[in-house]
Every structure is written in C-alpha cells, then in structure tokens.
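> What would the 3D arrangement of this be:
(2 chains)
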Amino acid sequence: MTTPLDELWRPVAPPDEQEAAAIRAERVRVREFLAGSLDRGLFAPRCDSWLGGFSPEFSKALAVRGWIGMTWPRRYGGRAASNLLRQAVVEELLAAGAPVAAHWFADRQVGPGLLRYGSEEQRDRLLPAMARGELYVAIGMSEPDSGSDLASVRTRARQVAGGWRVTGTKVWTSHAHRSHLMLTLVRTAAPDPGSRHAGFSQLLVDLSAPGVTVNPIPYLDGGHHFNEVVLDDVFVSDGMVVGTPGQGWTQVTAELAHERSGPERYLSTFPLLERMSAALAGGGDEVGGVLGRAYARLWVLRQMSTGVARSIDAGTASSLVTALVKDMGTRLENEIVDEARRWRPSAPAPDAPDGYDRLLAQAQLHAPGFTLRGGTSEILRGLVARAIGMR
Amino acid sequence: MEELHQLIGRICLDHDNDEDGLWRTLTETGLDRAGIPERFGGTGGDPADALAVAAALAEHGAATPVADQSVLAGWLAARAGIRLPAGLVVVAGDADLRSENGRIHGTARRVPWASRAGHLLVPVATAPDRTAVALVRVEQVRVRPGRNLADEPRDDVEFVAVVPDESRTVAAPAHDILLHRAALVRAVQIAGSLRAVLRMTLRYSTERVQFGRRLSQLDVVRQQVALMAGEVAATSAAVGAAIDQLLLADDTGATRFAVAAAKVQAGTAATAVARAAHQVHGAIGVTREYPLHRHTRRLWAWRDESGGEEFWARRLSALVHGADRPLWETLVG
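Numbering: from 1, shown residues only, chains lettered A, B, ... in the order given. Purely as a prediction, here's the structure:
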C-alpha cells in the first residue's frame, strides 16, 4: 500500500551512461565558457546572481550557446533537452556566480508555463525571443495586501471588446523596470465565498503599455531590483491571456511547485562557500568538520534537486519534495553565511578589496530573502504537513 | 524492491519480539546472504539487494546482523576468495590486530554481533594496499560481550596466537573499503528506521487529542513534523545516491565522497528526527512498552558507529582539499 509518505523516499533511477556522458560534456562546455568570460572580465562572480546579476549581454551570450530555453521544443528556439541537462547547466552558472537574472524568469517558469498552458500563437511569438535572451519577463504575483496569502490578490481584470482592462498594484516585482512583459495573476471574477481559489487568471502585461507605472522599491542595501508595478486600466488583448480564464490558481500552483526546487535554492551563497573553502583549507579539524558538513548537505540537496529534475522528465514530479528542497536548501544558504562569518576575523564590507569579505557582505545583505521568496519556509512546511496527511 | 519490502514486512510481523525465530527464517530464505555470489556461499544479487533487505528490516525495528554479514563479511570473503561457512559470519577488524608467523594477536573492539557468530573474518593489514584475510572459528577466540544503546551485541574479541582455518591475501586497502561499506550499512539502516519514526509520529499526532484538538492540527507540531519529513527524505536520497555510486565502483573518490556525505546526513537526521519524535510523542514515547525506542535507540547507536558526523565531515574536507580540482567539480563528481 502506498501512502503520500512514499513520495518522500521514492527512488529515482540514475541517468544511463550515455546521458551521464552528455551531461558531463555539457558541464565542460559551460565551464570553458565561464573561464573564458572571467578571463575577459565579462562578469565578477557574486552571490545570489540569479536575482542580483542582470546582464543582457551575458544572457545573449548564453543564448547563442543554447543555454536558454534548452528544454523547449526546437520549433520554439529550444533544444528539446531534458530537465536534467538544464539542471546541470544552471548549476554550473550559479556555482560560478554568473549574471543570469535578465532571462531567469522567462527561462525558468514563463517559458515552461506557456508550453503547458499557452496558445500556439503565444509560443510562436514569444518563446523564440526568450530563447535568444532578448525578451525578459517579470512575475507579478504579490500585492501590498497579498504576500504568502496569494488567494487574497485583488488586481482585477474586466472584460472589454477584444480583451481585458486591468487595474491593481503588484509589489516585489524583480526587474520589472527592465523587463518587457509581466506574467500577472489577476481576478477575472468576483471573489466566491464558497471557493477561495476560483476566478483567477494569468495575463501577460506589456510593461510599456499605457497605464503601467513602474516604481522602484529600493532593497535594504539601496540596490534596485524590486519594483511596485501600478496598473491603471491597462488594456491586455485576449491573445495575452495565458491558459483558461478562471484557471489561474491551478496554473500558478503548478508553476510554483515546479520552479521551487532548482539549484537557485541551494547555490545562492556557493561563491562564498568556495571562497571560504579555499581560504580555510588546512585550517585544522574543527573548521574541516564545519566545511565538511556544508559539503555533505550541499551534496545531499543536489541529489534531491536532481531527482526532482529527473522526475519532471518522467512526469512524476512531487510538489512535496520540491517544497522540502526549497526549505532545506535556503536554510543551508543561510548557514553558509553564518559559518563564513564565524571563521573570518575581519568584518564584511560591500567595497572590501578582498573577495571573501565582499562575497560575505553580498550574501548577508541578500540572506533575508532566501527563506521568503517563492513561498516562506513556514508556508512550505505547512504545505508539507498537509501533503503527508496531518489533518 | 517493493515486493521484497512487503515480504520482509510479513516475516517481521510473524516473528514480532522473537529474534531467534526471525533469524532462522531469514537464513532459511537466504535473505541473510543476499548480494553474495553463490560460489562464495551467498544467494546472489548485488549489494543493493543486500542493503534493501537491511533497510526493510531496520524499518520494521528488527534486530539482525543481516547487513553485517551480507554487505561486509560477504564482500570481504568474495574479495579474498573465501567461501562463507554455514552459520553467522561477521568481520572482526581492528587496527590493533597483527599477524606474526601466521598467528593473529590483539583485540578487536566492539565487533557487531561477534557473540552470535560461528566464524569471524579477520582482515589484517600487511602493507598499505595488502590485507591478509583470515577465517577464524569463534571457539578460537575469547569474546567479551558488550552492547550498544539499542542492546545489539557489540563485543570485544581477543586473539591470542590464533591460527586461522584459512587465510588469503587481498591486494586492496580492505580496512578503508570496509569502513566505507560499514558506514553505508549504518546509513541505510538509519534511513529505514527514520521512515518508521516518521510514520509513528504522524500516526500518533493525528490520533492524540489535547486542548480539544488533534496534535496534527497544532501549527508548532506541523512545523516539527515537516522538518522531520525533510530529513527523512534527504537521508533516503543520500543513501540511494551512495548505493548507486557503490554499484559503479567500490573504491573511487566519488564513492568515498558519496558514502561520507550519506553518513553525515544520516547522523544529522537521526539526531533531529529522534528528538522531534520524542517531543511530539510526549511521555508515552519514553516507555519501554511503546515501540518508539526500538527505533530511536538504534538511531542513537548507529549514528556513531563506523564514524559519526564529525569524523566523516572531516574526511569530506580532506577529500575536497586534497583534490587537485575546484570544490565544485569534486561535489559534482
């Protein structure tokens, strides 16, 4: 008899030798490209580079090599590669602290969302530009009164001739000020007291359309990636509705579940760990034990996350495991910051000449977000408890 | 594997609280010697089969030396070309043991299940990558019984000029390979036991009512159990990946890394899950009558056997810092 608990330890077969060899070869390609880019000064490794490292030039360079939209069908500019292969490429990029923020959301979730729910016209028109690293998409979910409780979203879309008129405010919208579109969760029907999750839809809002105002929300260190996006009677044509009106909740839930357990949930502070590892190697048994625990945990999370990528390929992905990977991975990201600090006599500083101090400063200032974005740890644990049958 | 799991579940149910009967059935079915080639006295299959048996037995709270025989003694016997005699055979290894003129001297400490064994396989290093493997009858040694936190036999075995029945040389660092295999065995057993603890805690929390609500409806309890679930899932993934590596090769850097990481994970999980399980269970969980201790005492014992988290974490650091490539490449393997 199987129970929901069995999802926690369902074995995942390792790739066969041919696939493993293809993955190794792809990793080598990425490493060579990264080494060359570093030599030419095209980027400086940084922590949290999938949110903080925005570089259209770098994104286009990745696209030329086939590393954006790589799981998408060829006719949309993809390579029809496995999720496992994409996982390997993304891991390499994040481990190196490469700037991948510009195309990040298009590659990770908007493209796959369009493949699941989008129209043929949308795929034809949008996916190739995303895969070229030219079309960037922000995510409009949270609102001033809707954080973890997404079902309280109030942005409204009312039907008009040929489309919808959208009014409302989205917040914490990373990179909206330099993205072209925003995948936006809206209400297309009045709240139904009997069903909290009914009446939602997903629309692609053109961020250059009349009625759209993007206001920066400075991050705590003064940096700018967050925005408030005010939508004032913005027209969105029927062709920009993703999926079926009214099915937005189901679509968003699928989107979140699949995009939760990627390498960005455990590698945000890897550049710091690497620096720390090099600086403290040979520093004695105690620090050896501390580093070894971090290596072990990272290795374990890689196994779990890779298992999810394989299960997505097999069509058996478990939203239970993805929630666990995110919770555990983001805790590790924080622990790395704490240990890096504990073993460093000097104070971190954003402008420090030394890489260790600089990476530690970046990591510390970004750390509070790790366990919030994509669902807070507490919400995720509640989801896990429900999924394993705690009623 | 699912069928095997169910078969072992039935066997354990038939022999609840009857260790001798359980062991008899396991030997009659050959499950005690899975993963050992037939020509060396086993019932065939690979180490993954043997470890699956060990995990299932641990999940059912059974005290048996199955994996100590099949995964450790079986491997050493096959490697040395020795056919396992009938009865229980376990490995008695210790750095203190030495061989002089074909006679074995010294004491092997805290040998799992030695007092129940008929024969001992004794590896004695004769050079960095050469090991003499001797087959010794238990009547030839003095056994001082001991036990671990779960009352499983962990016995000291004293050798005084013992002349083995049979001795062969293995051209491999057998001690180091055995240490890794033993760590993997304990990690696999921990993974099985963790599943049982999670099941028990989940069941208890949905049945026990306090303050007019089931424990499973209290947010603090839900958060605790979700954290337990994460550790259980992580340990299962870790041992699964370590077994995959072991099947590829016995003694590569990647296998050593995977086994070390899996044991660190298993030990970490054992500590966290046992603590949370007892906290959720409250006073009933600390009684002899309630079966939680059948698992938590083993978790506390197994996490420290064949190296605890600190030991293996330091080994991992040594592996990473001794490699001539970046941390990331070592991690990826």
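> what's the spacing between residue A:261 and chain B?
Computed as CB to the nearest CB, to the nearest Å, the residue A:261 to chain B distance reads 11 Å. Heads up, the C-betas are built off the backbone N, CA and C, glycines and all.
> does that residue count as helix, strand or coil?
Assigned with DSSP: H, G, I helix; E, B strand; the rest coil, residue A:261 falls in the coil class.
> okay but it is in contact with residue A:327, surely?
No - using CB atoms under 8 Å as the test, residue A:261 is too far from residue A:327 to be in contact (10.0 Å).
> Would you mind grabbing the residues shared as contacts by the two?
When CB atoms under 8 Å, 6 or more residues apart in numbering or on different chains defines a contact, no residue borders residue A:261 and residue A:327 alike.
> More neighbours: which of these two?
Taking neighbours as other CB atoms under 10 Å in any protein chain shown, residue A:261 and residue A:327 compare with residue A:261 leading, 32 against 26.
> Look up the closest residue to the residue of chain B found nearest chain A, ignoring the ones flanking it.
Closest residue of chain B to chain A, CB to the nearest CB: residue B:313 (3.0 Å). Using CB to CB, 6 or more residues apart in numbering or on different chains and skipping the chain neighbours, the partner closest in space to residue B:313 is residue A:292 (3.0 Å).
> quick one: the one you found is in a helix?
Yes - assessed with three-state DSSP, residue A:292 lies in a helix.
> Quick check: which element contains the residue of chain B closest to chain A?
Per DSSP states H and E, residue B:313 falls inside helix B:309-322.
> got the buried residues for that helix?
Using 16 or more other CB atoms under 10 Å in any protein chain shown as the test for burial, helix B:309-322 gives B:309-321.
> Could you do stretch B:104-115 as well?
By 16+ other CB under 10 Å, the buried positions in stretch B:104-115 come out as B:104, B:106-109, B:111-115.
> Equivalent analysis for stretch A:133-146, please.
Under 16+ other CB under 10 Å, the buried positions of stretch A:133-146 are A:133-143, A:146.
> Of the residues you listed, which is the nearest to residue B:10?
Taking CB to CB as the measure, residue B:10 lies nearest residue A:141 of these, at 49.3 Å.
> Against chain B, how distant is the nearest residue to that closest one once chain neighbours are set aside?
If the residues on either side of it in the chain are set aside, residue A:141 comes closest to residue A:185, at 5.1 Å by CB to CB, 6+ apart. According to CB to the nearest CB, residue A:185 and chain B sit 26 Å apart.
> And for residue A:185, the neighbour number?
By other CB under 10 Å, the residues close to residue A:185 number 25.
> Please enumerate the strands of chain B.
Along chain B, counting by DSSP state E, strands occupy B:89-91, B:98-100, B:103-112, B:119-127, B:130-137, B:142-144, B:154-162, B:166-170, B:209-210, B:213-214.
> The first one: partners in the sheet, and parallel or antiparallel?
Each strand pairing with strand B:89-91, determined using DSSP bridges, is listed with its direction: strand B:119-127 (parallel).
> got a list of what residue A:198 touches?
When contacts are counted by CB under 8 Å, 6+ apart, residue A:198 touches A:189, A:192, A:246, A:249.
> Assign it to helix, strand or coil.
coil.
> Give me the neighbour count for residue B:157.
If you count neighbours by other CB under 10 Å, residue B:157 ends up with 26.
> whoops, residue B:102 was the one
Neighbour count of residue B:102, defined by other CB under 10 Å: 12.
> Let's see the pLDDT reported for it.
As predicted, residue B:102 sits at a pLDDT of 90.
> If we ignore the residues flanking it in sequence, what's nearest residue 122?
By default, I'm working from chain A. residue A:114 (5.6 Å).
> ah, no, chain B please
Leaving aside its sequence neighbours, residue B:122 sits nearest to residue B:134 (CB to CB, 6+ apart; 4.5 Å).
> List the contacts of residue A:200.
The contact partners of residue A:200, by CB under 8 Å, 6+ apart, come to A:153, A:185-188, A:246-249, A:252.
> ugh, typo on my part, it should be residue B:6
So residue B:6 contacts nothing (CB under 8 Å, 6+ apart).
> Now do the phi/psi pair for the residue in chain B sticking out farthest from the centre.
Most distant residue from the mean C-alpha position of chain B: residue B:212, 42.1 Å away (CA atoms, centre = their mean). The phi/psi pair for residue B:212 (degrees, to the nearest 10) reads phi 80, psi 10.
> Look up how far residue A:111 lies from it.
Distance from residue B:212 to residue A:111, counting by CB to CB, to the nearest Å: 49 Å.
> Was I right to think residue A:295 contacts residue B:318?
No - the criterion here is CB under 8 Å, and residue A:295 misses it with residue B:318 at 10.8 Å.
> Helices along chain A, start to end?
Counting by DSSP state H, chain A has helices at residues A:17-39, A:49-52, A:56-64, A:83-95, A:101-105, A:111-117, A:120-131, A:248-258, A:270-280, A:285-314, A:319-342, A:355-370, A:377-387.
> Name the stretch among those helices that sits most buried.
Greatest average neighbour count among the helices of chain A goes to helix A:101-105 (a mean of 25), per mean count of other CB atoms under 10 Å in any protein chain shown.
> now that one: mean pLDDT?
Mean pLDDT, helix A:101-105: 98.
> Tell me what angle the worst-scoring helix or strand of chain A on mean pLDDT forms with helix A:319-342.
One helix or strand of chain A scores below all others by mean pLDDT, DSSP states H and E: helix A:248-258, with a mean of 86. Taking axes from the mean of the first three to the mean of the last three CA atoms, to 10 degrees, helix A:248-258 and helix A:319-342 form an angle of 50 degrees between their directions.
> got a list of contacts for helix A:248-258?
With contact meaning CB under 8 Å, 6+ apart, helix A:248-258 is reached by A:109, A:112-113, A:116-117, A:141, A:150-151, A:185-186, A:188, A:197-198, A:200-202, A:242-243, A:312, A:317, A:319, A:322-323, A:374-375.
> what's in contact with stretch A:274-291?
Outside stretch A:274-291, the residues that reach it (CB under 8 Å, 6+ apart) are A:95, A:336, A:339-340, A:342-344, A:355-356, A:359, B:310, B:313-314, B:316-318, B:320-321, B:326-328.
> ok, now stretch A:352-360?
Stretch A:352-360 is contacted by residues A:45-47, A:271-272, A:275-276, A:279, A:337, A:340-341, A:344, A:346-351, A:361 when judged by CB under 8 Å, 6+ apart.
> For the residue of chain A found nearest chain B, give me its contacts.
Closest approach between chain A and chain B, counting by CB to the nearest CB: residue A:292, at 3.0 Å. Each residue near residue A:292 by CB under 8 Å, 6+ apart is listed here: B:260, B:264, B:312-317, B:320.
> from memory the residue nearest to residue A:122 sits against residue A:241, does it?
No - Residue A:114 is not in contact with residue A:241 according to CB under 8 Å; the separation is 11.7 Å.
> tell me the residue furthest from the middle of chain A?
Most distant residue from the mean C-alpha position of chain A: residue A:284, 36.7 Å away (CA atoms, centre = their mean).
> now that one: how far from residue B:317?
Distance check for residue A:284 against residue B:317: by CB to CB, it reads 10 Å.
> And the residue of chain A closest to chain B, what's its pLDDT?
Reported pLDDT at residue A:292 in the predicted model: 98.
> what is the mean pLDDT for stretch A:377-391?
The predicted model assigns stretch A:377-391 a mean pLDDT of 96.
> With stretch B:70-80 instead?
96.
> Thanks again, I'm all set now.
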